[in-house]
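Below is the structure, and that's it, no one-letter string:
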């Protein structure tokens, strides 16, 4: 089993949790900040993690991001050069319009298609090469994959937890 196979298995698991945690949420629930006015709402977190996956894997593939190539920026009413949300102010987070849970899930799937194609093709030799998506000059492909994977796990867990607070019955509930 290759590193790409292991990563794809992890990403599939993350995607399943992501989808269950978002399915059926209302706009009000997607925008709710249950931990206070400085906390990130589910909708923004879902967009941010999808945007991060899209940006990083598009760079690793040497392709245009789905954000612009497939018109996701227009669907979300955001500029084409919109960052992935890192460093957003509280005002930007609060002002973000998540559209609806189906759109957030669909963008995640578009970003996931990028990661799947890259991870299907990555070789063990590729892992030690410099990364086109690196946030540091010395970041390798392996570290880029680990960084994005960690972000996806962390934010999907946050979304699932917040859903439990918003629904008041647990996020796996009916």
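The structure has been received and is ready for your questions. In this text the structure is predicted, and so the values were computed from the model without any measurement.

which residue sits farthest out from the middle of the protein?
residue 125 (26.3 Å; Cα atoms, centre = their mean).

Now do the phi/psi pair for residue 140.
Note on residue 140: its backbone torsions stand at phi -90, psi 170 [degrees, to the nearest 10].

what about it, distance to residue 60?
According to Cβ to Cβ, to the nearest Å, residue 140 stands 11 Å off from residue 60. Any C-beta I mention is one placed from the backbone N, CA and C, and that applies to glycine too.

what is in contact with the two at once?
residue 131 (Cβ atoms under 8 Å, 6 or more residues apart in numbering).

who's more crowded, those two?
Using other Cβ atoms under 10 Å as the criterion, residue 140 and residue 60 rank with residue 60 on top: 24 against 16.

Could you list every helix and strand in contact with the helix or strand containing that one?
Following DSSP states H and E, one finds residue 60 within helix 42-61. Helix 42-61 sits against helix 3-22, helix 27-31, helix 66-69, helix 101-121, helix 141-167, with contacts defined as 3 or more Cβ pairs under 8 Å, 6 or more residues apart in numbering; DSSP states H and E.

Apply 10 Å and report the result again.
When contacts are defined as 3 or more Cβ pairs under 10 Å, 6 or more residues apart in numbering; DSSP states H and E, helix 42-61 sits against helix 3-22, helix 27-31, helix 66-69, helix 72-75, helix 90-95, helix 101-121, helix 141-167.

Report the buried residues of stretch 101-121.
Neighbour-count burial for stretch 101-121 flags 101, 103-108, 110-112, 114-116, 118-119 (criterion: 16 or more other Cβ atoms under 10 Å).

Please spell out which residues along stretch 137-151 are buried.
139, 140, 141, 142, 143, 144, 145, 147, 148, 149, 151.

Name the nearest of the buried residues of stretch 101-121 relative to residue 165.
residue 101 (16.3 Å; Cβ to Cβ).

Against residue 24, how distant is the closest one?
Distance, residue 101 to residue 24, by Cβ to Cβ: 7 Å.
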